[in-house]
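Peer 1: Got a predicted structure plus its sequence, pasted below:
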Amino acid sequence: MIFNVEMETMPRVEKEKLQLKRIQETVAYAYARVPFYRRRFDEAGVRPEDIRSLDDLRRLPMMKKNDLREHYPFGLFAVDTKEIVRFHASSGTKGKPTVVAYTRRDIDNWAEIVARTIAAAGGRPGDIFHNAYGYGLFTGGLGLHYGIERFGAVAVPASGGNTARQITLIQDLRPRGISGTPSYILNLIETMRAMGLDPRKTSLEYGILGAEPWTEEMRRQIEDALGIKAVDIYGLSEVIGPGVAIECAEGQDGLHLADDHFIAEVIDPDTGEILPYGETGELVFTSLTKEAFPVIRYRTGDIASLNPEPCPHCGRTTMRMSRVKGRIDDMLIIRGVNVFPSEVEAELLKYAELAPHYQIVIDKDGALDRFEVHVEVIETALAGVGDVEGFKAELRGRVARQLKDALGITVVVEVHPPKALPRSEGKAVRIVDRRNKQTVTS
């Protein structure tokens, strides 16, 4: 099902005409209403009337998250607070939170964008949909909620946490769709099994999962455990929230961008050079319809690539982005080697003996970095094992060798008993960096 056939199947030539019209309007609007943009455009020697083609977008300066923090809380808004109907905000774990705002029209557009994602995931009007994203300042819960209602489905606003109660709701209300972070869905599956329930015997048929990077290996584990089709959704609060892009259930082959509302670019994160389609770099977004908080060439920090070809699976003509490999600020530099947590996850999930829960701990060992990966063995793997410590030692050695081959660095592997590592009720805490006393969710 395609929710908005006109916009989601529009020929590329017509879409680019629409994008140009909207970017011209957005640049003029931001220049007139936001002193930050007026100053930055003037410094770059660019005025709104200079934007005559989509290529002219690259003449505009880029913005970063620090710009949001430096203008906290209202300095980047284009409307007065009396026109704002909602605020959302980040957690502020790395400094001041980033506050974003929405007018009523922004909320209306957002709901329509998310409705498209539910259709792409395999939803049908009338579905009962279990929303396990957290409600509150985080955009996930309310973002999905309004889209569920706009689509014509029935929202179950379960939010995050209280896992046993969520399982009861799934049993009793029999939803067809579910949304949440992949790590929390894994927690849900594990709790079902601990309760003696078979996760494959629920009513669930499709899942919309995101808000953290996850691998194809984790997708397979979730799909096999629940008997569902799981698709990746992308969004970030600065751009609008969830719904910026979504995989289609037919192909799971790139995320379809709502490119009548957003223009995406991929740049070299070091030079800022725009990269050709298909090359991997940092995603940059420009909003085309936002009123309260327009963003122009916003550097997301997310690593992905773009594909302009129509989808051969579902017929949508929208720009597609690859799944996010990771974030620039999540990339770990260990003894001169770049490591993404997703690379670690991909290797760990190859082991049937291990639960899909892990944590990376980085510390100092003298002058060198010490890279630890903490994993836990599943209960069934220990059944009938006489020498448990010997089994864990052998497994530890195998995993350490595999990680060294894959990553090119020495890894200290710690194998823990079943259910020893913390479980997620939202975004998973994957990285504990003791070098700078940081904890990172990913």
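Peer 2: Nice, thanks for sending it over.
Peer 1: Now do the strands in the stretch 151-300 of the chain.
Peer 2: 154-156, 177-180, 206-210, 229-236, 241-247, 255-257, 262-267, 281-287, 298-304 (DSSP state E, counting those that start in this stretch).
Peer 1: Sorry, wrong one. I was asking about the stretch 301-442 of the chain.
Peer 2: Along the stretch 301-442 of the chain, counting by DSSP E, counting those that start in this stretch, strands occupy 306-307, 320-321, 326-327, 332-334, 337-339, 354-365, 368-377, 412-416, 429-433, 438-441.
Peer 1: With respect to burial, which of those scores highest?
Peer 2: Looking across those with neighbours counted as mean count of other CB atoms under 10 Å, the highest average goes to strand 320-321: a mean of 24. Bear in mind the C-beta positions are built from the backbone N, C-alpha and C, glycine included.
Peer 1: For that strand, which strands pair with it and how are they oriented?
Peer 2: Note on strand 320-321: by DSSP bridges, its sheet partners are strand 255-257 (antiparallel), strand 306-307 (antiparallel).
Peer 1: TSV for those, including mean pLDDT and distance to Pro199?
Peer 2: As requested, the strands paired with strand 320-321 are exported to TSV (pLDDT from 0 to 100; distance: least, CB to CB, whole Å):
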stretch	mean pLDDT	distance to Pro199
strand 255-257	98	26
strand 306-307	98	33
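Peer 1: a markdown table please, covering these and showing distance to Gly75.
Peer 2: Listed next are these as a markdown table, based on distance: least, CB to CB, whole Å:
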| stretch | distance to Gly75 |
| --- | --- |
| strand 255-257 | 28 |
| strand 306-307 | 31 |
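Peer 1: tell me the mean pLDDT over stretch 264-284?
Peer 2: Stretch 264-284 shows an average pLDDT of 97 in the prediction.
Peer 1: in it, what's buried?
Peer 2: Neighbour counts over stretch 264-284 (16 or more other CB atoms under 10 Å) mark 264-267, 269, 275, 281-284 as buried.
Peer 1: can you give me how far it is from the chain middle?
Peer 2: 18 Å (CA atoms, centre = their mean, to the nearest Å).
Peer 1: May I have the distance across that stretch, first residue to last?
Peer 2: For stretch 264-284, the first-to-last residue distance is 6 Å (CA to CA, to the nearest Å).
Peer 1: outside of it, which residues touch it?
Peer 2: Contacts with stretch 264-284, where a contact means CB atoms under 8 Å, 6 or more residues apart in numbering, come from 57-58, 62, 257, 285-286, 297-308, 319, 321-322, 324-325, 328.
Peer 1: what about 7 Å?
Peer 2: Under the criterion CB atoms under 7 Å, 6 or more residues apart in numbering, residues 58, 62, 257, 285, 297-308, 319, 321, 325, 328 lie in contact with stretch 264-284.
Peer 1: From the residues you listed, keep the buried residues only.
Peer 2: Buried members of the contacts of stretch 264-284, scored by 16+ other CB under 10 Å, are 62, 257, 285, 297-306, 319, 321, 325.
Peer 1: Now the spatially closest residue to Arg38 that is not a sequence neighbour: which helix or strand?
Peer 2: Spatially, and ignoring its direct neighbours in sequence, Arg38 is nearest to Tyr31 (5.3 Å; CB to CB, 6 or more residues apart in numbering). For Tyr31, the element it lies in under DSSP states H and E is helix 12-33.
Peer 1: Name the residues of that helix that come out as buried.
Peer 2: Buried residues in helix 12-33, counting neighbours by 16+ other CB under 10 Å, are found at 15-16, 19-20, 22-24, 26-27, 29-31.
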